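**Student:** I'd like to go over a predicted model; first the sequence, then the structure.
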Amino acid sequence: MRNLFRNTAVVSAVLLTSATAALAAAVPASASTDDSFSVDAGSSPSCYRYGSAAYIDYGEYGDDYVGVYDACSDGVGVKAWVWINGTLVGAQRNGSGYNTEVYFDIPNVKPGDRVGIKVCAQNGSGGTPFACGSRTVTSVDG
């Protein structure tokens, strides 16, 4: 009976090790790259910056999105535009006030895609954008 218990324990350990190795091999190594980045709008007379925009990458399940943050209590909103490989894919204005963030979905980014964001202060939805910042990053794993 003792040998049966020991053999069962050894077989269970081998199966558990094999299952763990198989599961680890099924997950692509590149899936762990977080391609997220942010960019600030310019500085405000009232604050360090008017706001910012951030590309949020959580993997390969079509859940890429952008957040637009208003960082200053000056009554001026913030607007962001997003391009993938040079094509405008979305824009969003945050006029909700200080310390608020609005989000919008963008198409799923693929490995090698170039994601560009431009963010500006904008006084009213029809106002001329100003104090802009921009950044473009190439995605590692989408």
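**Tutor:** It's in. Numbering: from 1, shown residues only.
**Student:** tell me which residues touch Y103, please.
**Tutor:** Listed by C-beta atoms under 8 Å, 6 or more residues apart in numbering, the contact set of Y103 reads I56, Y65, V66, G67, V68, Q92. Where C-beta positions appear, they are placed from N, C-alpha and C, glycine not excepted.
**Student:** in JSON lines: those residues, plus neighbour count and distance to A131.
**Tutor:** Compiled in JSON lines, these are given as follows (neighbours: other C-beta atoms under 10 Å; distance: C-beta to C-beta, whole Å):
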{"residue": "I56", "neighbour count": "16", "distance to A131": "23"}
{"residue": "Y65", "neighbour count": "17", "distance to A131": "24"}
{"residue": "V66", "neighbour count": "24", "distance to A131": "19"}
{"residue": "G67", "neighbour count": "18", "distance to A131": "19"}
{"residue": "V68", "neighbour count": "27", "distance to A131": "14"}
{"residue": "Q92", "neighbour count": "19", "distance to A131": "17"}
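**Student:** and the gap between the residue nearest the centre of the chain and P45?
**Tutor:** For the chain, the residue lying nearest the average C-alpha position, counting by C-alpha atoms, centre = their mean, turns out to be I56 (0.9 Å). Plainly put, I56 is 30 Å away from P45 if you go by C-beta to C-beta, to the nearest Å.
**Student:** and S32, what pLDDT?
**Tutor:** For S32, the pLDDT comes out at 76.
**Student:** with adjacent residues omitted, what lies nearest to it?
**Tutor:** Spatial nearest neighbour of S32, excluding adjacent residues (C-beta to C-beta, 6 or more residues apart in numbering): D141 at 7.9 Å.
**Student:** surely that neighbour and G112 touch.
**Tutor:** No. Contact criterion C-beta atoms under 8 Å: D141 and G112 do not qualify, at 9.4 Å.
**Student:** so these two - more neighbours on which side?
**Tutor:** Legend: neighbour count by other C-beta atoms under 10 Å for D141 and G112, higher for D141 (18 against 11).
**Student:** can you classify the more buried one by secondary structure?
**Tutor:** Recorded secondary structure, D141: coil (DSSP: H, G, I helix; E, B strand; the rest coil).
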